[in-house]
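In: Give the three-dimensional model of this entry:
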Amino acid sequence: MARGAAGGVGGVENRATSKEARKQMSLRHAVAILAGAMLGACATVQNTPQQDLVWSAYNQCKAEGRVPANIQLERVEPNGRPRFSAYSSAYGAQELERCLNEKISTISQTAPPKR
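Out: So this is what the prediction gives:
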């Protein structure tokens with residue numbers, strides 16, 4: 001009987017090994033492409049100026065103790081609209097919005113003009 005290079009009869013073992021190697025190589029390529037895409041996406045995601053403004057105002061309000069413990073800023077939409085979550089009640093939400101508006105107004109007035 002003829003033996004293949006890997007010692008299998010008629011090269012059967014060699015073909016199976018080659019098929020498995022191609023599967024592993026394809027899987028590695030897919031994982032590498034997916035990882036690259038994820039890293040690339042994260043590297044290009046940045047806040048809009050409106051988002052930065054709201055986050056800055058929120059952090060100032062929080063530092064001043066004007067953010068109730070039951071209210072949390074979850075995210076800010078690209079247009080600057082804040083999304084809050086409230087635990088147990090919405091107590092303090094109006095005060096927080098008032099503080100945010102006050103801080104945004106102050107920051108906007110002191111910001112250098114855009115070119």
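In: only C-alpha atoms for contact and neighbour calcs from this point on.
Out: Will do.
In: ranges for the helices of this protein?
Out: In order along the chain, the chain carries the following helices (DSSP state H): 12-44, 49-63, 93-110.
In: Format the ones you listed as a markdown table; extra columns: mean pLDDT and mean neighbour count.
Out: Conversion of the helices of the chain to a markdown table gives the following (pLDDT from 0 to 100; neighbours: other CA atoms under 10 Å):
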| stretch | mean pLDDT | mean neighbour count |
| --- | --- | --- |
| helix 12-44 | 71 | 12 |
| helix 49-63 | 95 | 18 |
| helix 93-110 | 89 | 15 |
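In: Gly80: which of those is closest?
Out: Put simply, out of the helices of the chain the one that sits nearest Gly80 is helix 49-63, at 4.6 Å, with distance taken as CA to CA.
In: chain center to that closest one, what's the gap?
Out: Centroid separation between helix 49-63 and its chain, computed with CA atoms, centre = their mean, to the nearest Å, is 18 Å.
In: What is the neighbour count of the residue lying closest to Gln51 once chain neighbours are set aside?
Out: Counting by CA to CA, 6 or more residues apart in numbering, the nearest residue to Gln51 once its immediate chain neighbours are dropped is Gly80, at 4.8 Å. Using other CA atoms under 10 Å, Gly80 has 17 neighbouring residues.
In: tell me the contacts of Gly80?
Out: Applying CA atoms under 8 Å, 6 or more residues apart in numbering, one finds that Gly80 lies in contact with 50-51, 53-54.
In: To Tyr87, which of the helices of the chain lies closest?
Out: Distance to Tyr87, taken as CA to CA, is lowest for helix 93-110 among these, at 11.0 Å.
In: got the angle for that closest one vs helix 49-63?
Out: Taking axes from the mean of the first three to the mean of the last three CA atoms, to 10 degrees, helix 93-110 and helix 49-63 form an angle of 120 degrees between their directions.
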